[in-house]
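# Based on what follows, work out the 3D shape:
(chains A, B, C and D)
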2 protein chains.
Amino acid sequence: MDDISSLGQPGDSGPGPIRRTALHDTLVTRLRDMIIEGRLEPGMRLHEGQLGEQLGVSRTPLREAIKYLASEGLVELVPSRGAVVKRFSGKDVQDMLTVLRSLEELAGRLACQFATDADVARIRAMHDRMVECYQTGDRLEYYKLNQAIHTAIVGLSGNTPLVEIQAMLQTRLKRIRFIGHEGPEKWAAAVSEHEEMIAALEARDKDRLAEVLGRHLSNAWERVRGAL
Amino acid sequence: MDDISSLGQPGDSGPGPIRRTALHDTLVTRLRDMIIEGRLEPGMRLHEGQLGEQLGVSRTPLREAIKYLASEGLVELVPSRGAVVKRFSGKDVQDMLTVLRSLEELAGRLACQFATDADVARIRAMHDRMVECYQTGDRLEYYKLNQAIHTAIVGLSGNTPLVEIQAMLQTRLKRIRFIGHEGPEKWAAAVSEHEEMIAALEARDKDRLAEVLGRHLSNAWERVRGAL
DNA sequence: CCGCTGCATTCTGTATGCAGCATTTTTCGT
DNA sequence: ACGAAAAATGCTGCATACAGAATGCAGCGG
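Predicted coordinates:
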């Protein structure tokens, strides 16, 4: 029972215009998650008939979702042979991290410039919760908060394209990081770097924040390289 | 007669595997060009029926192409109301240029590291031709070579994601730059900056190249701001 | 025994049909 | 005459049907 109706798409409680989600849009999210979680492995073909039946939808919206993901870079379109889940080489991951580093350095500088005290406090709170997860060993929640913090800092830049591109790269890397289980000492180092980040942000020290973010992402490569 | 068959897709003469292009893929390129050239103005709705008839294709591949362009950020999907050509505000353009600046600075540094003499010579040749176009006043060809040089430098970084993202941002900005006709003095400054860029690349001086590229793209905002 | 050719099956690519929503126009009530 | 409700129209969204390409297999020839 993997029907699309089992998708957690709550009925939009709360005020405001009711959400009117199109099926192809739902499928984009759905397929993305399946790829990130590894249920659709790299190199695997996306069989329209089978996949559509499995999800309980016809091929048309499914194909549209696949085209969307192709533009996102998660799947590759092979003419007359359908779509396959893109496989990222070690170099690809390294290159993405290089770009991500540059972008987050930029975002950090902008964030220092534009962040309100409330913004900073919000991120500090997330950080504290993340440290808690670190201490209790809750890797999944730690991982989520970690990503959320990075996303939040980039969000503070107020630069929409920057936010979108960072999100895209994070998505592509999610699957790798999802696997990559770093050792305790590296984990500790990562937490320490995060602590520095927050401190720099609170001090609105943009050079220091950029430096720490850069270092953090350089180290990220070391942390995930094991999971080619 | 605006049929899709009028698209310049020659019959792939010459050896090698014959090109097998899918219709939706052709449409992506086609629609992208139409948006860049302004034949599809920002805010304009992409009417599936009408547009499909105009291009001589059915709605299905057209819809797939639209989804692809939506992921690229050129069109916006409005539930139950189709797709509209995305309109970029001044801030959007400024933000995109900010990101582009950061990316090209990075690319410049990498290019200095990896470029062979032949690569540099190729770019120098493009630059010389561009200067010719400047002197003869051939704006269109100048514009194309200008973009090609930037793309080529980014290509020398050897970083595929970087290349893709830069290409995406360039595409979004193309329409704006397509309009933006700078005055003679600014044009001269732009050419001068390009001269510096090539010199820095030939000297493999990555800091200088990054600095010039950064300056060049900061000025780019001044050059296009007139064409909101 | 190995390789090639032709056929059958399966899947992709495209077109069309149908239902639901949005918008506009018309009509009715005040 | 003005406003509101209701019908009508046009479009999107999804499903299905059909055509063409790719793959696998069987049969045939070397």
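
# And the residue of chain A that's closest to DNA strand D?
Proximity of chain A to DNA strand D (CB to the nearest atom of the strand) peaks at residue A:23, 2.5 Å away. Placement of C-beta: from N, CA and C, glycine included.

# Could I get the phi/psi values of that residue?
Backbone torsions of residue A:23, given as degrees, to the nearest 10, read phi -60, psi -40.

# How about residue A:83?
Phi and psi for residue A:83, reported as degrees, to the nearest 10, are phi -120, psi 140.

# wait, doesn't it sit right on residue A:71?
No: judged on CB atoms under 8 Å, residue A:83 makes no contact with residue A:71 at a distance of 11.8 Å.

# returning to what we had before: number of nearby residues for the residue of chain A closest to DNA strand D?
Using other CB atoms under 10 Å in any protein chain shown, residue A:23 has 17 neighbouring residues.

# who's more crowded, residue A:83 and residue A:71?
More neighbours surround residue A:83 than the other of residue A:83 and residue A:71, with 22 against 19 (other CB under 10 Å).

# Return the set of residues that bridge with the more buried one.
Partner residues in beta bridges with residue A:83, using DSSP bridges, are residue A:46, residue A:77.

# Pull the contacting residues for it.
Going by CB atoms under 8 Å, 6 or more residues apart in numbering or on different chains, residue A:83 touches A:45, A:46, A:66, A:69, A:70, A:75, A:76, A:77.

# give me that answer again for 10 Å
Taking CB atoms under 10 Å, 6 or more residues apart in numbering or on different chains, we find residue A:83 in contact with A:31, A:44-48, A:51, A:63, A:66-67, A:69-70, A:74-77.

# Okay, the residue sitting furthest away from the middle of chain A and residue A:97: tell me how far apart.
Here chain A reaches farthest from its C-alpha mean at residue A:80, the gap being 30.8 Å by CA atoms, centre = their mean. Distance, residue A:80 to residue A:97, using CB to CB, to the nearest Å: 34 Å.

# thinking again about what came up before, how is the residue farthest from the centre of chain A assigned, secondary-structure-wise?
coil (DSSP: H, G, I helix; E, B strand; the rest coil).

# repeat for residue A:226
Secondary structure, three-state DSSP: residue A:226 is helix.

# related to what we said a few turns ago, need the pLDDT of the residue farthest from the centre of chain A.
Residue A:80 is assigned a predicted lDDT (pLDDT) of 93.

# Run through the strands of chain A in chain order.
Listed in chain order, the strands of chain A (DSSP state E) span residues A:45-46, A:75-78, A:82-85.

# right, and those strands - which one's nearest residue B:198?
Of all the strands of chain A, it is strand A:75-78 that lies closest to residue B:198, at 35.2 Å by CB to CB.

# Report all helices and strands that the closest one contacts.
If you count contacts as 3 or more CB pairs under 10 Å, 6 or more residues apart in numbering or on different chains; DSSP states H and E, strand A:75-78 packs onto helix A:23-37, strand A:45-46, helix A:59-72, strand A:82-85.
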